[in-house]
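K.L.:
need the 3D shape of this:
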Amino acid sequence: MPESHIIPWSDGSWTHAPFAQSTAASDETHLDVTAVEGSDAWRRTAYGFVHDSEHALLAPLAVGEAMDVSFQAPWDGQFDQAGVFAKIDDEHWIKAGIEYADDHLGLGAVVTDVGSDWSVGHVDDWHGSEITVRVSRWPDAVIVRARADDGDWRLVRVAPFDGDAAASAGPFLAAPMRSGLTVRFTRWVRSAADATLH
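P.N.:
Sure thing, here's the model as predicted:
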């Protein structure tokens, strides 16, 4: 992967404030964030509702850049989720990462262009791992990859994304069905976007 630069947690702005957050006392190497019960991000498709209450800590993401976010969570509440959120505006965004649903750990992405879609596959063997999600911004797309611990990168999604629009990205979490979800974010870095898909 290209050379990366750490993004301080204080450089981001929340889309919606979480219930609580705290950093490691000594060196701020991690950020613990607790979600508000009922937080989520979704627009219309299949369910008919709009949920716009996710907790996403965003910083600018330019064409030609990538962001990696690493995190750990207990994954025991229905629809608990965390990963990376990339946003142009309220109707054009991507959330990519882990969602715990129906007793399975799912790796996937929701791509929203007025309406949302959802692609997901089981990664139950990733339970207990530190998970890293990477978004690379190309002139017309966002490329999503993920891995568990130091394992191989897995291509998750190639999604359209307007290269002429200002956008931001960063760590996110949501807890649609419960209180008390705390995610430990351990890494947030910026680098050059991946040059190839394969």
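
K.L.:
now the residue nearest the centre of the chain: which helix or strand?
P.N.:
Residue closest to the average C-alpha location in the chain (CA atoms, centre = their mean): residue 84, at 1.7 Å. With secondary structure defined by DSSP states H and E, residue 84 is part of strand 80-89.

K.L.:
now the angle from the next helix or strand along the chain from that strand to strand 80-89?
P.N.:
As assigned by DSSP H and E, the chain's next helix or strand after strand 80-89 is strand 92-101. Here strand 92-101 runs at an angle of 170 degrees relative to strand 80-89 (axes from the mean of the first three to the mean of the last three CA atoms, to 10 degrees).

K.L.:
please enumerate residues in contact with the helix-or-strand element of the chain with minimal mean pLDDT?
P.N.:
One helix or strand of the chain scores below all others by mean pLDDT, DSSP states H and E: strand 20-23, with a mean of 86. Contact with strand 20-23 is made by 9, 30-34, 182, as judged by CB atoms under 8 Å, 6 or more residues apart in numbering. Quick note: C-beta positions are derived from backbone N, CA and C, even for glycine.

K.L.:
how does it look with 6 Å?
P.N.:
31-34 (CB atoms under 6 Å, 6 or more residues apart in numbering).

K.L.:
residues contacting the residue nearest to the centre of the chain?
P.N.:
If you count contacts by CB under 6 Å, 6+ apart, residue 84 has them with 69, 96, 133, 135.

K.L.:
how does it look with 10 Å?
P.N.:
For residue 84, the contact set (CB atoms under 10 Å, 6 or more residues apart in numbering) comprises 56, 58, 61, 67-69, 71, 94-97, 109, 132-135, 142, 144, 146, 169-172, 188.

K.L.:
just how off-centre is the next helix or strand after the least confident helix or strand of the chain within its chain?
P.N.:
On the C-terminal side of strand 20-23, the nearest following helix or strand under DSSP H and E is strand 31-34. Taking CA atoms, centre = their mean, to the nearest Å, one finds the center of strand 31-34 at 14 Å from the center of the full chain.

K.L.:
what packs against strand 31-34?
P.N.:
The contact analysis (3 or more CB pairs under 10 Å, 6 or more residues apart in numbering; DSSP states H and E) places strand 31-34 against strand 20-23, strand 55-60, strand 65-72, strand 168-174, strand 182-192.

K.L.:
among these, which is nearest residue 42?
P.N.:
Judged by CB to CB, the one of the helices and strands packed on strand 31-34 that comes nearest to residue 42 is strand 168-174, at 9.5 Å.
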